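Engineer: Give the three-dimensional model of this entry:
(one chain, ligands or ions: 2)
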Amino acid sequence: MTTDFIAIDGPAGSGKSSVSKAVARTLGFGYLDTGSVYRALAWHVLDRGADTADAAAVIAAASDFPVRLGLDPDDRTVRVGETDVTDAIRETRVSSAVSGVARVPEVRAQVNELFRTLVAEAPYPAVVVEGRDITTVVAPDAPVRILLTAAPEVRAARRAGELAGENADAVAAALHKRDASDSAVVDFLNAAEGVEVVDSTELDFPQTIDAVLTVIERLRGAHRG
Ligand SMILES: Nc1ncnc2c1ncn2[C@@H]1O[C@H](COP(=O)(O)OP(=O)(O)OP(=O)(O)O)[C@@H](O)[C@H]1O
Ligand SMILES: Nc1ccn([C@@H]2O[C@H](COP(=O)(O)O)[C@@H](O)[C@H]2O)c(=O)n1
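Structural biologist: Numbering: from 1, shown residues only. Ligands and ions are numbered 1, 2, ... in the order given. Reported below is the predicted structural model:
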């Protein structure tokens, strides 16, 4: 059986993880959070006492990076070796460092192979794969390719709402800084040819899920012919 990619890209805080997970649950598909692998590698580099801005140190860490994650949308567990890093990779120190590992071309090639293997071996008819370059680099021929976006101030407000207790301006600044670094490496702010845009600026969470489900239904139907 070939497993379809449902490719979803977008900037930080656009709802990729939460919406993709809900969509995967609804359709009985797998779910792959590619950002969690970049985050786990950033954690691994920091754990070795290295700096993610040092490309040679990042490549050395990536050569010994036993990351493990599944595709169950209800299980976000990520391990590096025997260490459960599920919560640690969401810490601010990792979010601030992750763009460093993501800009190393050797790292991108290595993790993209992992993503393709995970999907190829998945026990699901399709996997919702979300990240920054899934529609363009990892699976440019996927039957469904979506750019999920929202206005920068809306994304920042949603993220600040999640991180109650943290300074909203600092949260917004960190989100925009990460987008600026990441978009210098891959373009996830503009839809490539054939990629459908879902803009959730004016949509609530259930409406966004419905909008994505509608696109998936239409494009998978068209693909089957
Ligand atoms: N349409 C929406 N309306 C309201 N809130 C939303 C909507 N979409 C997502 N959210 C909320 O916005 C927050 C950010 O969403 P999420 O973490 O899924 O984004 P993301 O794109 O995966 O971010 P990152 O790339 O930084 O991991 C979450 O709290 C989520 O519940
Ligand atoms: N396809 C991807 C996915 C992620 N990244 C990098 O990982 C960081 C964390 O991703 P989140 O989805 O958890 O926010 C992100 O800021 C990018 O640096 C990537 O390059 N390509």
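
Engineer: Around residue 76, count how many other residues there are.
Structural biologist: Neighbourhood size, residue 76 [other Cβ atoms under 10 Å]: 17. Every C-beta, even on glycine, is put in place using the N, C-alpha and C of the backbone.

Engineer: separation between it and ligand 1?
Structural biologist: 11 Å (Cβ to the nearest ligand atom, to the nearest Å).

Engineer: isn't there a helix covering that residue?
Structural biologist: No. According to DSSP: H, G, I helix; E, B strand; the rest coil, the state of residue 76 is coil, so it is not within a helix.

Engineer: can I assume it is in contact with residue 39?
Structural biologist: No. Residue 76 lies out of contact with residue 39 (Cβ atoms under 8 Å); the separation is 11.3 Å.

Engineer: how about the most centrally placed residue in the chain, what does it touch?
Structural biologist: Nearest residue to the geometric centre of the chain (Cα atoms, centre = their mean): residue 131, 2.8 Å. In this structure, residue 131 makes contact with 8, 9, 16, 33, 34, 35, 138, judged by Cβ atoms under 8 Å, 6 or more residues apart in numbering.

Engineer: Please indicate which of the residues you listed has the highest neighbour count?
Structural biologist: Most neighbours among the contacts of residue 131, by other Cβ under 10 Å: residue 8, with 31 neighbours.

Engineer: burial count for the closest residue in space to residue 136 that isn't next to it in sequence?
Structural biologist: Excluding the flanking residues, the one nearest residue 136 by Cβ to Cβ, 6 or more residues apart in numbering is residue 192, at 5.0 Å. Around residue 192 there are 15 other residues, counting by other Cβ under 10 Å.

Engineer: With that, I have no additional questions.
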